[in-house]
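Chemist: I need the structure of the sequence given here:
(chains A and B)
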Amino acid sequence: MLFHLNPKPPFPLYVSTAVKFLWSSTTPVSSSLVKQCKSLTQAKLVHQQILVQSLTHVPATFLIAAYISHNVPSYALSLLRRLSPSPYGVYWWNALIRCAVSRRQLVNSLHLFLQMLRLGWHPDHYTFPFVLKSCGELLSFRCGSALHAFICASGFDSNVFVCNALVSMYGRCGALDYAHHMFDEMFQRGMCDAVSWNSIVAVYIQRGHADAERGIQLFGRMTEDFRIRVNAFSLVNVLFACASLGMWLRGKQVHGYAMRTGLFEDVFVGNAIVDMYAKCGMMEEAKKVFERMKVKDVVSWNAMVTAYSKIGNFEDALGLFEKMRKENIELNVVTWSAVIAGYAQRGHGYKALDVFRQMQSCSSKPNAVTLVSLLSGCASVGALLYGKETHCYVIRCVFGVDGNDLEDDLMVTNALIDMYSKCKSINVARAMFDAIAPNERNVVSWTVLIGGYAQHGEANGALELFSQMFQQVNYVRPNAFTISCALMACARLAALRFGRQIHAYVLRNRYESAFLFVDNCLVDMYSKSGDIGAARVVFDSMQQRNAVSWTSLMTGYGMHGCGHEALKVFDEMKKAGLVPDDVTFLVVLYACSHSGMVDQGLEYFNGMSKEFGITPGPDHYACIIDLLGRAGRLDEAMKLIEVMPMKPSPVIWVALLSGCRIHANVELGEYATSKLLELGSGNDGSYTLLSNMYAKAGRWKDVARIRSLMKHSGIKKKPGCSWVQGKKSTTTFFVGDRTHPESQKIYEILADLIQRVKALGYVPDTSFALHDVDDEEKGDLLSEHSEKLALAFGILTTSPGAPIRITKNIRVCGDCHTAFTYISMIIDHEIILRDSSRFHHFKEGSCSCRGYW
DNA sequence: TTAGGGTTAG
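Modeler: Predicted coordinates for the structure are as follows:
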């Protein structure tokens, strides 16, 4: 009476489907009948009969087998729990545990093991390797070593299968010493077989870097000193290590060994050799091996396709892809994903989408990798609509499916967050981030959102989130990507203090593996936060530099008006053997423009295509127009616009208008404005420039006309705001701001300063007060501009002699610039002001910009 | 046991 405890079947009766499998309730259920179960339904029907007829052992185990093969282990378990312990039945417990491990239900597999013990079953030498595998995968040294003790107590420590599994478990948990000790013990007891050697070699190899090299050495001892017969597994293992370490010479030796021993014929070995050469960048060798392989499978083809795609040889990757299609070679999800990723990584998001559609029409089922690649394609071209479509697909087909890998789910979610933030839907991205359980967010979830905020003008949000990262109960350590994103946000805000803290964190926590990226971001952060000296120190201490490092430093010098320094860096860069690219030249031209080095700028502009083969783009032209405009060479600027090979974009006309403002060239300025309006790019910035230009020319009626035009067409001037760095925090001021608790003091200091500099010859330039378009905004008096308030607050709170650091979101007002120059004569601080265009260092009555701003 | 994926800088 095995089933009397469970009089009810665990599921409803299947009457309609019983037609083919019907027998009368009097027919005894035999083993052969159970074996005939072809479907889950049939198995359930038999189960019902068993319940009715109270059966014995034999058919029950067949049913268990049927349930396991039909992927419903819970039914199998309910049967198994009711069997009495027997050596024969252990097989089914093992099958259930193995099933859980293969479905990556690792904790569940441990529970099964415990249940088995509790019910009085005795595990055998097949049980332990499965359970040990779970401990290893769970990285649970505690469970693994407890199990080790149990194994010793039950005498299984002399079984080679179990001991090999112990070696792997310890290795997987990172306990290298334990793994090696275990292996040594086996070695001394003469227990080692080829699998033991493979296991210990694999332990070293999987740890990577120097340990992997030791693994390769061990492999050498295994083959040469101990003459252990190597199998395909060993070779694949060691080839993987050679590939990831770039040890192609050793890989070549293994290749030779495989040829001599005939193991090359094994398709796994052949694939691993192809992969090894491909990863070591030896595509010709890889191709030769690939062509020589008698038996190729889809993995062989994919190894080549993905290798070509990865090194950017997309032509050959696509060529092979087409060949696969022509020769009717199975295209699996990896093939499709590789092609989709190839397009996505080259910014061809739409082509990636096209391949995705082809994949669907071939009834190939995409997996997490495919979707992640596809989403990165959508992100790269800002295709929000397609991104949303992919999101729908994800909801329909991926999430909530039983047995789905949670890690994969998270990766897809992260890719979705990234897609939404790159497509400027930062709020959706945020909502998705918030919807992930806090203990499930990984470093990428945090990084993509921080990066999203940093890149879309919400740098404060980025830094807030970065700070939150450290306050979580489930602390996730930021990686080099996260650090770079946070530094980017600091650079945007000129948040020097925060940036310095991050720098200190980087030094304390040794981010060696990604030095270059982080260092470049540090150089950028320091130069954009006004500490060009610190930027130089970081730059000088760098172990390696690339074009970005040099350009970041040059940008810094350019922004600070140190044009000669910038050009010196440019020369050093060339001497160091780095080839300038289009961005480098943009920075050179910018530096010349902001230091009034017109002729040098023109020389570089004219030489860039001749000497370096870089065709000037719209941005280079805009820079040169800006340079000529600042210098008052407006006719030349106009002539250049007329002959430039592309249609002038709005930035070109803004650059020209800006020059017209400085030199009060009303006629040309009006022309530039009309062009801007034609292009539909008339915005608050260009109207303000126009109004300032009229003011400079003394044409007050036109100023009033523009103000009225702006008012009636609903164009509002972007509100100016300035923030000043304090010892502990940053304080922000808007025009006429009186919200600060020390507001009264701030205004008093300001009034006093103005009074004193007036005595030195400062005359307020009222033309700048006319920026204001809203008559209601009475507060926009010259003396209440945000930068002036920030300065007064800085004087109030900064220790004597220390510089005052102010940042403004738009260009500094001309009157403020004059006032600051005078104020710097009477205060004991250097004023470092960053506006949207450049840095101004005010000291002892002069500004570093020398009028070029 | 072999092939594929996500987040960063000028």
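
Chemist: what about the helices in the stretch 351-500 of chain A?
Modeler: Defined through DSSP state H, counting those that start in this stretch, the helices belonging to the stretch 351-500 of chain A, from first to last, are A:368-381, A:384-397, A:406-422, A:426-435, A:443-455, A:459-470, A:480-493, A:496-509.

Chemist: list of residues touching the helix or strand harbouring A:Ala243?
Modeler: Per DSSP states H and E, A:Ala243 falls inside helix A:232-245. Contacts made with helix A:232-245 from outside it, assessed by CB atoms under 8 Å, 6 or more residues apart in numbering, are listed as A:194, A:197-198, A:201-202, A:205, A:208-209, A:212-213, A:215-216, A:219, A:222, A:247-248, A:250-251, A:254, A:257-258, A:263, A:266, A:268-269, A:272-273, A:275-276, A:278-280. Heads up, the C-betas are built off the backbone N, CA and C, glycines and all.

Chemist: ok, of the residues you listed, which come out buried?
Modeler: By neighbour count, with 16 or more other CB atoms under 10 Å, these hold A:197-198, A:201-202, A:205, A:212-213, A:215-216, A:219, A:222, A:247-248, A:250-251, A:254, A:257-258, A:263, A:266, A:268-269, A:272-273, A:275-276, A:278-280 as buried.

Chemist: and these near DNA strand B, which?
Modeler: Restricting the buried ones among the contacts of helix A:232-245 to those within reach of DNA strand B (CB under 7 Å from any atom of the strand) leaves A:Phe268, A:Ala272, A:Asp275.

Chemist: restricted to helices, list those.
Modeler: Restricting these to those inside helices, with DSSP state H as the criterion, leaves A:Phe268, A:Ala272, A:Asp275.

Chemist: show me the contacts for the last one.
Modeler: To tie it back to what came earlier, the one meant is A:Asp275. Applying CB under 8 Å, 6+ apart, the residues contacting A:Asp275 are A:Leu239, A:Phe240, A:Ala243, A:Ala286, A:Ala303, A:Ala307.

Chemist: coming back round to it: dump the helices of the stretch 351-500 of chain A to JSON lines, plus distance to A:Leu709.
Modeler: JSON lines is the format used below for the helices of the stretch 351-500 of chain A (distance: least, CB to CB, whole Å):
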{"stretch": "helix A:368-381", "distance to A:Leu709": "37"}
{"stretch": "helix A:384-397", "distance to A:Leu709": "34"}
{"stretch": "helix A:406-422", "distance to A:Leu709": "36"}
{"stretch": "helix A:426-435", "distance to A:Leu709": "33"}
{"stretch": "helix A:443-455", "distance to A:Leu709": "34"}
{"stretch": "helix A:459-470", "distance to A:Leu709": "33"}
{"stretch": "helix A:480-493", "distance to A:Leu709": "32"}
{"stretch": "helix A:496-509", "distance to A:Leu709": "40"}
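
Chemist: and these as CSV, adding distance to DNA strand B and mean pLDDT?
Modeler: As requested, these are arranged in CSV below (distance: least, CB to the nearest atom of the strand, whole Å; pLDDT from 0 to 100):
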stretch, distance to DNA strand B, mean pLDDT
helix A:368-381, 3, 87
helix A:384-397, 12, 87
helix A:406-422, 4, 89
helix A:426-435, 12, 94
helix A:443-455, 3, 94
helix A:459-470, 11, 94
helix A:480-493, 3, 94
helix A:496-509, 11, 92
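
Chemist: adding mean neighbour count and distance to A:Gly596, write those out as TSV.
Modeler: Converted to TSV, the helices of the stretch 351-500 of chain A look like this (neighbours: other CB atoms under 10 Å; distance: least, CB to CB, whole Å):
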stretch	mean neighbour count	distance to A:Gly596
helix A:368-381	24	39
helix A:384-397	16	43
helix A:406-422	22	38
helix A:426-435	17	39
helix A:443-455	24	32
helix A:459-470	18	31
helix A:480-493	24	25
helix A:496-509	17	27
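
Chemist: nearest to A:Cys592, out of those?
Modeler: helix A:480-493 (22.4 Å; CB to CB).

Chemist: chain center to the closest one: distance?
Modeler: Taking CA atoms, centre = their mean, to the nearest Å, one finds helix A:480-493 lying 13 Å from the centre of the chain it belongs to.

Chemist: next: stretch A:580-599.
Modeler: 31 Å.

Chemist: how's chain A carved up into domains?
Modeler: Recorded structural domains for chain A (assignment: automatic domain parsing) are A:334-436, A:437-544, A:551-616, A:630-716, A:721-847.

Chemist: does the shortest one come close to DNA strand B?
Modeler: Right, domain A:551-616. Yes - for domain A:551-616, a contact with DNA strand B is found by CB under 7 Å from any atom of the strand, at A:Thr551, A:Ser552, A:Thr555, A:Asp581, A:Val583, A:Thr584, A:Val587.

Chemist: what sits against the third one?
Modeler: Shown in contact with A:Thr555 (CB under 8 Å, 6+ apart): A:Asp524, A:Ser527, A:Lys528, A:Val587, A:Tyr590, A:Ala591.

Chemist: which one of those residues is nearest DNA strand B?
Modeler: Among these, A:Asp524 lies closest to DNA strand B (CB to the nearest atom of the strand), at 4.4 Å.

Chemist: is it fair to say the closest one lies in a strand?
Modeler: No - for A:Asp524, which was evaluated using DSSP: H, G, I helix; E, B strand; the rest coil, the result is helix, with no strand membership.

Chemist: which residue is the nearest non-sequential neighbour of it?
Modeler: The spatial neighbour of A:Asp524 that comes closest, neighbours along the chain excluded (CB to CB, 6 or more residues apart in numbering), is A:Ser552 at 4.5 Å.

Chemist: indicate the residue of the stretch 601-750 of chain A located nearest to DNA strand B.
Modeler: Taking CB to the nearest atom of the strand, the stretch 601-750 of chain A has A:Ile614 as its residue nearest DNA strand B, at 11.1 Å.

Chemist: what's the burial count for that residue?
Modeler: Counted with other CB atoms under 10 Å, the burial measure for A:Ile614 works out to 19 neighbours.

Chemist: three-state assignment of it?
Modeler: coil.

Chemist: ok, it to A:Met525 distance?
Modeler: Distance from A:Ile614 to A:Met525, counting by CB to CB, to the nearest Å: 27 Å.

Chemist: show me where the stretch 51-200 of chain A dips below the pLDDT cut-off.
Modeler: Across the stretch 51-200 of chain A, the stretches falling below the confidence threshold (pLDDT under 70) are A:51-59.

Chemist: what about the strands in it?
Modeler: If you assign secondary structure with DSSP state E, counting those that start in this stretch, the stretch 51-200 of chain A ends up with no strands.

Chemist: you'd agree A:Met182 is up against A:Val167?
Modeler: Yes - assessed by CB atoms under 8 Å, A:Met182 is found in contact with A:Val167 at 5.0 Å.

Chemist: circling back: got the ones next to DNA strand B among the buried ones among the contacts of helix A:232-245 as a markdown table, with pLDDT columns?
Modeler: Conversion of these to a markdown table gives the following (pLDDT from 0 to 100):
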| residue | pLDDT |
| --- | --- |
| A:Phe268 | 93 |
| A:Ala272 | 94 |
| A:Asp275 | 91 |
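
Chemist: need those in JSON lines with distance to A:Met693, can you?
Modeler: Written out in JSON lines, the entries for these read as follows (distance: CB to CB, whole Å):
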{"residue": "A:Phe268", "distance to A:Met693": "73"}
{"residue": "A:Ala272", "distance to A:Met693": "69"}
{"residue": "A:Asp275", "distance to A:Met693": "64"}
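
Chemist: residues in contact with the residue of the stretch 701-850 of chain A found nearest DNA strand B?
Modeler: At 12.9 Å from DNA strand B, A:Arg838 is the closest residue in the stretch 701-850 of chain A, using CB to the nearest atom of the strand. Contacts were defined as CB under 8 Å, 6+ apart; by that measure A:Arg838 touches A:Gly558, A:Met559, A:His560, A:Gly561, A:His594, A:Cys849, A:Trp853.
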